[in-house]
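*Asks:* Can you look at this prediction? I've put the sequence above it.
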Amino acid sequence: MHDFGLPILATLALWWGSTGIIFYVDSLPRNTFRYTMIAATALVGLALWGLVATSDHLTASSAYGAFSYGLICWGWQILSFYMGYITGPQRQPCPPELRGLGRFIEGVRTSLYHELFALIGAVVLLALTHNQPNQLGFWTYATLWWMHESAKLNVFFGVPNLGEEMIPEHLRYLATYMTRRPMNMFFPISVTISTVITVWLAWAATAATTAFEATGYTMLGTLMALAVAEHWFLVAPLNANALWGQMGRRQDDFSGLIEGEMIALENFAERDESWIAPLPQICEARHLAQLLELVAAGAFGEVDEVKGAMRTRAHWIAFEINGSRARMTPFTPRRPQEPRIVAIGRHLDRDRLLAAIENCAA
């Protein structure tokens, strides 16, 4: 009788720990990214050497080793993406008017180079273990790749929990390619595929005749079970990102800064030439962007400063006008709040501005 407990615990620990480390190092100041990537690349070199060294070994320890090496190789891919080194040619927010295929193409372009590097990585791992009995490292990498791609497609097509608060500030534009909705047609397909694979791997682990097979199938099955759980977290009323605590603390700081500035401006906006107004519960981003350009150009009076928060169908957006410059940035509120706008200026045409704001409703 094989021991399945240790492979399950090892998989959970490696998955949770590696994800937490990536969140943590990506939350550090950007001037540390270069050194992190150098260290990660050196670690991948060691992992590739270990993968080759264990490719003809069929023991339980070689299964643990190959799984870890595949995990390290995939971790490098994710790290290079979230640190902004290997992303894609599109690094701007999604144009509000884009819909359908055009929006999908632009979404692909945000991570095109990353996808190509992920494919190259899979080919390298497969080539290094070609015709060898131990290919667990490649299958670990492939499983993590599937988890990543399936989750990306689901947040693009639409789910309730986007997890945008974990996106690094330098990649905040990615949130504009996400969609918040109760469900999408791809979700049940992706969950079903992952569930079927998980069940098959569990059966293979129980039917294994060697310790290597039992360990390998158990670790892959646990990884696929995590994929199923992650998919359900996308639609369940739970915050799965709390599993990593404060490891991604920079995003909380970013959201807190925006909300803190708004509160400070509201406290200042008690003079006669200041104005606070609610926004529609759901706004169209492109309509608000056009309105902000008009406000910045002085179409509604002399404006010194404008700040606010709006909710679109996909996410929250913080916006501001400072001087003649308007800016919109996706963000995640730290506390419950209502969509609103705060304006500081002189001779504001409040009636026209209010009517224009009401026209921003989705």
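*Replies:* Structure's in. What do you need? Nothing here was measured: the structure is a model prediction, and the numbers come from that model. Numbering: from 1, shown residues only.

*Asks:* Paired strands for the longest strand along the chain, with orientation please.
*Replies:* In the chain, assigned by DSSP state E, the strand with the most residues is strand 302-311. With DSSP bridges as the test, strand 302-311 is paired with strand 316-322 (antiparallel), strand 340-346 (antiparallel).

*Asks:* What's the mean pLDDT across the last one?
*Replies:* So that's strand 340-346. Averaging pLDDT along strand 340-346 yields 75.

*Asks:* After that strand, heading C-terminal, what element do we hit next?
*Replies:* Next helix or strand after strand 340-346 toward the C-terminus (DSSP states H and E): helix 350-358.

*Asks:* Specify the angle between that next one and strand 302-311 in degrees.
*Replies:* Interaxial angle, helix 350-358 versus strand 302-311 (axes from the mean of the first three to the mean of the last three Cα atoms, to 10 degrees): 30 degrees.

*Asks:* Tell me the helices and strands packed up against helix 350-358.
*Replies:* Contacting helix 350-358 under the criterion 3 or more Cβ pairs under 8 Å, 6 or more residues apart in numbering; DSSP states H and E are the following elements: strand 274-278, helix 285-296. Yep, even glycine has a C-beta here, placed from its N, CA and C like the rest.

*Asks:* Please produce a markdown table containing these, extended by mean pLDDT, mean neighbour count and distance to Arg103.
*Replies:* Listed next are the helices and strands packed on helix 350-358 as a markdown table, based on pLDDT from 0 to 100; neighbours: other Cβ atoms under 10 Å; distance: least, Cβ to Cβ, whole Å:
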| stretch | mean pLDDT | mean neighbour count | distance to Arg103 |
| --- | --- | --- | --- |
| strand 274-278 | 72 | 16 | 29 |
| helix 285-296 | 76 | 19 | 12 |
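
*Asks:* Tell me which of these lies nearest to Met37.
*Replies:* helix 285-296 (33.2 Å; Cβ to Cβ).

*Asks:* what's the spacing between the closest one and its chain's center?
*Replies:* 27 Å (Cα atoms, centre = their mean, to the nearest Å).

*Asks:* which helices and strands sit right next to it?
*Replies:* strand 302-311, strand 316-322, strand 325-331, helix 350-358.

*Asks:* and the angle for it with strand 316-322?
*Replies:* 20 degrees.

*Asks:* how distant is the helix or strand that Tyr24 is a member of from the center of its chain?
*Replies:* Using DSSP H and E, the element containing Tyr24 is helix 5-26. Computed by Cα atoms, centre = their mean, the separation of helix 5-26 from the middle of its chain amounts to 17 Å.

*Asks:* residues of that helix that come out buried?
*Replies:* 7-8, 10-11, 14-15, 18-19, 21-26 (16 or more other Cβ atoms under 10 Å).

*Asks:* lowest average confidence, helix or strand, in this protein?
*Replies:* The helix or strand of the chain with the poorest confidence is helix 249-268; it has a mean of 49 (mean pLDDT, DSSP states H and E).

*Asks:* contacting residues for His231?
*Replies:* 150-151, 154, 187, 190-191, 194 (Cβ atoms under 8 Å, 6 or more residues apart in numbering).

*Asks:* switch to 10 Å and redo it
*Replies:* By Cβ atoms under 10 Å, 6 or more residues apart in numbering, the contact set of His231 is 147, 150-151, 154, 159, 187-188, 190-195.

*Asks:* Could you verify that it is part of a strand?
*Replies:* No. Applying DSSP: H, G, I helix; E, B strand; the rest coil, one finds His231 to be helix, outside a strand.

*Asks:* Use 46 as the first number for this chain going forward.
*Replies:* Renumbered: residue one is now 46, and that last one reads His276.

*Asks:* so how far is Ala187 from it?
*Replies:* Noted for His276: a distance of 17 Å to Ala187, by Cβ to Cβ, to the nearest Å.

*Asks:* what about Leu146, how many neighbours?
*Replies:* By other Cβ atoms under 10 Å, the residues close to Leu146 number 8.

*Asks:* Can you give me the buried ones in the helix or strand hosting it?
*Replies:* Per DSSP H and E, Leu146 falls inside helix 145-154. Neighbour counts over helix 145-154 (16+ other Cβ under 10 Å) mark 148, 151-152, 154 as buried.

*Asks:* same question, stretch 120-131
*Replies:* 120-128, 131.
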